[in-house]
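> predicted model and sequence follow; I will ask about them next.
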Amino acid sequence: MSAVVGEHHDDHHHGPAKGLTRWIFTTNHKDIGSMYLWFSFIMFLIGGSMALVIRAELFEPGMQIVVPGFFNQMTTMHGLIMVFGAVMPAFVGLANWLVPMMVGAPDMALPRMNNWSFWILPFAFTLLLSSLFMEGGAPNFGWTFYAPLSTTYAPPSVTFFIFGVHMMGISSIMGAINVIATILNLRAPGMTLMKMPLFVWTWLITAFLLIAVMPVLAGVVTMMLMDIHFGTSFFSAAGGGDPVLFQHVFWFFGHPEVYIMILPAFGVASQIIPTFSRKKLFGYPSMVYATASIAVLSFIVWAHHMFAVGLPLAGELFFMYATMLIAVPTGVKVFNWVSTMFRGSLTFETPMLFAIAFVILFTIGGFSGLMLAIAPVDFQYHDTYFVVAHFHYVLVPGAIFSIFAAAYYWLPKWTGHMYDEALGKAHFWLSFIGLNMTFFPMHFVGLAGMPRRIPDYAMQFADFNRISSMGAFLFGVTQLLFLFIVLKCIRGGKQATAQVWEGAEGLEWTLPSPAPYHSFTEPPQVK
């Protein structure tokens, strides 16, 4: 092993490699983590600008800015880019940066595979975005790409979309294998599993979820490919297939996927809240067991996305109760975070503000999810803006706020400089107000019956939609402030001390990170 490592690095890394080559060939987990984070931020801005096209069109009733066909392309591309291009790569970037440091490893276990799993992504998403310029336009069937809409009536670009999804899936699986190999094989002596920081635990569990469900997604897009080009009828009733089969296979991937996007966020919150409460995390073992329970249960709730397709009554009941059950371990986690803060010496630096907003707003998303779990009532909510409000309350203050929290929390460690606290707080409050202005009114128009994915709407929904659109533009523009804060922090600022945040326990992540392999002339001796 050590010989191989040394031999590979001789060509590029005698002394620090310069310029572009350093980034293209790097096997350093920190470089790769940074590339993931920058890539995800670019995708966040692209996907966000697509959301702003949607909100601009919905600012008032009537058609004004885009044609319905392009509106549908925007809803589809926004969803796909945010899920697969922004949230997932950001968490993989955090895992790359932090997991080796938190377990005391010199690097990720499989550094060259790490490089490859990143470099697949820009090509996959270039492929996906290029579909906007193809004949017939980009995919226009929603991010869930239900067949037969996506197989029989889709634009030609759907084939490129399928190829892009395959590439993205390969990247995710390789990243997950790497995380598991690192955590199980490269922990520092004496670090048992139950001594690992919670962020490491949540990523270990997330990595197993990724390996379990990414092949399912690959399977369903392959079946689509066969239906489109090779005359099969997996999803076509005319040939003996079943469109509802598509939904079953898709959501068997899709439901664990939404937990893939939130479990690392739970890990981030579990690192940040104890630090700014100056207390150890309350109930560490229960947090680990709750995370594992959520992961297991996530596989048996998929058809709650399908209450309206005509499931048998026994199926509706099973999925209703299973979905309600998953609220229990989630509630345990919220209880533990609140108990950690209870009677702690709290301070409210930017990371803590994002973490507290995460706990409160994610809980709101959880409650609206519990409402959606009630099968007979879901017939009313299904495909309305209430559902849009629900999952955006889970994903924006859940996944995205926790990514912001992590960025502010670890930026001093990453760059050696403190970020600008006043600007950080401004970013938080503007984001917080913009987010709630955007998504809270959607609960009301949804309960009043406004359908989702429609470019026009009846007059009675106009006021709430105007508020939503104004909030969306506030939220969107505010993210440019975040870009400014990060660039300013990288370029300079107050020196960060060895112990950046004054915590009672010190911090788990102050484990020194050994220099990456390629900074040695002699390869490290692997015992």
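On my side now, so go ahead. Residues are numbered from 1 along each chain as shown.
> drop to CA atoms for contacts and neighbour counts, all remaining ones
Will do.
> element containing the spatially closest residue to residue 385 that is not a sequence neighbour?
The shortest distance from residue 385 to any non-neighbouring residue, by Cα to Cα, 6 or more residues apart in numbering, is to residue 446 (4.0 Å). Assessed by DSSP states H and E, residue 446 sits inside helix 421-447.
> hmm, back to that, residues contacting the residue nearest to residue 385?
Going by Cα atoms under 8 Å, 6 or more residues apart in numbering, residue 446 touches 381, 384-387.
> low pLDDT regions in the stretch 401-527 of the chain?
Along the stretch 401-527 of the chain, segments meeting pLDDT under 70 span 502-527.
> can you list the residue ranges for helices in it?
Using DSSP state H, counting those that start in this stretch, the helices found in the stretch 401-527 of the chain span residues 401-415, 421-447, 462-491.
> so for the longest helix along the chain, what's the average pLDDT?
Selection of the longest helix in the chain by residue count, based on DSSP state H, yields helix 198-229. In this model, helix 198-229 has an average pLDDT of 98.
> just checking, what packs against it?
Contacts defined by 3 or more Cα pairs under 8 Å, 6 or more residues apart in numbering; DSSP states H and E place helix 198-229 against helix 88-103, helix 149-152, helix 158-185, helix 243-260, helix 263-277, helix 284-297.
> and these: which comes nearest residue 58?
Residue 58 sits nearest to helix 149-152 of all the helices and strands packed on helix 198-229, at 23.8 Å, using Cα to Cα.
> in that closest one, what's buried?
Buried residues in helix 149-152, counted by 16 or more other Cα atoms under 10 Å: 150-151.
> what about dumping the CA coordinates of that helix to PDB?
Extracted C-alpha coordinates of helix 149-152, given in PDB (Å, rounded to 0.1, in the frame of the first residue of the first chain):
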ATOM      1  CA  LEU A 149     -44.800  11.200 -19.100                       C
ATOM      2  CA  SER A 150     -41.000  10.800 -19.100                       C
ATOM      3  CA  THR A 151     -40.900   7.800 -21.500                       C
ATOM      4  CA  THR A 152     -43.600   8.400 -24.100                       C
END
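> related to what we said a few turns ago, pipe the helices and strands packed on helix 198-229 into CSV and attach distance to residue 376 and mean pLDDT per row.
Formatted as CSV, the helices and strands packed on helix 198-229 follow (distance: least, Cα to Cα, whole Å; pLDDT from 0 to 100):
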stretch, distance to residue 376, mean pLDDT
helix 88-103, 33, 97
helix 149-152, 26, 95
helix 158-185, 34, 98
helix 243-260, 19, 98
helix 263-277, 29, 97
helix 284-297, 22, 98
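> let's have the ones you listed in JSON lines, adding distance to residue 480.
Putting the helices and strands packed on helix 198-229 into JSON lines (distance: least, Cα to Cα, whole Å) gives the following:
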{"stretch": "helix 88-103", "distance to residue 480": "17"}
{"stretch": "helix 149-152", "distance to residue 480": "35"}
{"stretch": "helix 158-185", "distance to residue 480": "27"}
{"stretch": "helix 243-260", "distance to residue 480": "26"}
{"stretch": "helix 263-277", "distance to residue 480": "22"}
{"stretch": "helix 284-297", "distance to residue 480": "33"}
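> and the ones you listed: which comes nearest residue 454?
Using Cα to Cα, the helices and strands packed on helix 198-229 put helix 149-152 closest to residue 454, at 15.7 Å.
> what's that closest one packed up against?
helix 198-229.
> starting at the chain centroid, how far to the helix it packs on?
When distances are taken as Cα atoms, centre = their mean, to the nearest Å, helix 198-229 is centred 14 Å away from the chain's centroid.
> what angle do that helix and helix 243-260 make?
Between helix 198-229 and helix 243-260, the angle comes out at 160 degrees (axes from the mean of the first three to the mean of the last three Cα atoms, to 10 degrees).
> could you pull out the buried residues of stretch 140-154?
140-143, 145-148, 150-151, 154.
> also stretch 418-426?
The neighbour-count check on stretch 418-426 (16+ other Cα under 10 Å) flags 418-420, 424-425 as buried.
> ok, residues contacting it?
Taking Cα under 8 Å, 6+ apart as the rule, stretch 418-426 contacts 349-350, 353, 408, 411-412, 481-482, 485-486, 488-489, 493-496.
> let's go with 6 Å and repeat that
350, 412, 489, 493-494, 496 (Cα atoms under 6 Å, 6 or more residues apart in numbering).
> over to stretch 149-167?
Outside stretch 149-167, the residues touching it (Cα under 6 Å, 6+ apart) are 124, 128, 131, 136, 139, 141, 218, 221, 228.
> buried only: go through the residues you listed for me.
Counted by 16+ other Cα under 10 Å, the contacts of stretch 149-167 give 124, 128, 131, 139, 141, 218, 221, 228 as buried.
> so can I have CSV of these showing distance to residue 87?
Listed next are the buried ones among the contacts of stretch 149-167 as CSV, based on distance: Cα to Cα, whole Å:
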residue, distance to residue 87
124, 15
128, 17
131, 21
139, 20
141, 21
218, 19
221, 21
228, 30
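> residue nearest the centroid of this protein?
By Cα atoms, centre = their mean, the chain has its centre lying nearest to residue 87, at 2.8 Å.
> could you measure from that residue over to residue 441?
Distance, residue 87 to residue 441, by Cα to Cα, to the nearest Å: 24 Å.
> buried residues, the helix or strand that contains residue 332. List them.
Using DSSP H and E, residue 332 falls within helix 327-341. Neighbour-count burial for helix 327-341 flags 327, 329-330, 332-334, 336-338, 340-341 (criterion: 16+ other Cα under 10 Å).
> which one of those is nearest to residue 362?
Nearest to residue 362 among the buried residues of helix 327-341: residue 334, at 9.4 Å, using Cα to Cα.
> for that closest one, which non-adjacent residue is closest in space?
Nearest to residue 334 is residue 359, by Cα to Cα, 6+ apart, at 6.8 Å.
> quick one: the one helix or strand that neighbour maps to to helix 263-277, angle?
Assigned by DSSP H and E, residue 359 belongs to helix 350-372. Between helix 350-372 and helix 263-277, the angle comes out at 130 degrees (the same axes, to 10 degrees).
> mind listing what's buried in helix 350-372?
Buried-residue list, helix 350-372, by 16+ other Cα under 10 Å: 350-359, 361-366, 368-370, 372.
> now swap in stretch 21-41 and tell me
25-41.
> mean confidence for it?
97.
> residue 416 - nearest residue in space that isn't next to it in sequence?
residue 496 (5.2 Å).
> tell me, how many residues neighbour that neighbour?
For residue 496, the count of nearby residues is 17 (other Cα atoms under 10 Å).
> show me what contacts it?
Going by Cα under 6 Å, 6+ apart, residue 496 touches 412, 416-418.
> let's go with 10 Å and repeat that
Taking Cα atoms under 10 Å, 6 or more residues apart in numbering as the contact definition, residue 496 lies against 411-419.
> and what of residue 333?
Contacts of residue 333 (Cα under 10 Å, 6+ apart): 266, 270, 282-284, 286-291, 327, 339, 359.
> number of residues surrounding residue 190?
Residue 190: 7 surrounding residues under other Cα under 10 Å.
> make sure I have this right: it is in a strand.
No: Residue 190 is assigned coil when assessed by DSSP: H, G, I helix; E, B strand; the rest coil, not a strand.
> distance of it from residue 483?
39 Å.
> go on, residue 39?
Counting by Cα to Cα, the gap from residue 39 to residue 483 is 13 Å.
> kindly report the same for residue 437.
For residue 437, the distance to residue 483 - Cα to Cα - is 22 Å.
> of those two, which one has the most company?
In this view residue 437 and residue 483 are compared by other Cα under 10 Å, and residue 437 has more residues nearby, 22 against 12.
> which one is the more buried one nearest to, not counting chain neighbours?
residue 471 (4.7 Å).
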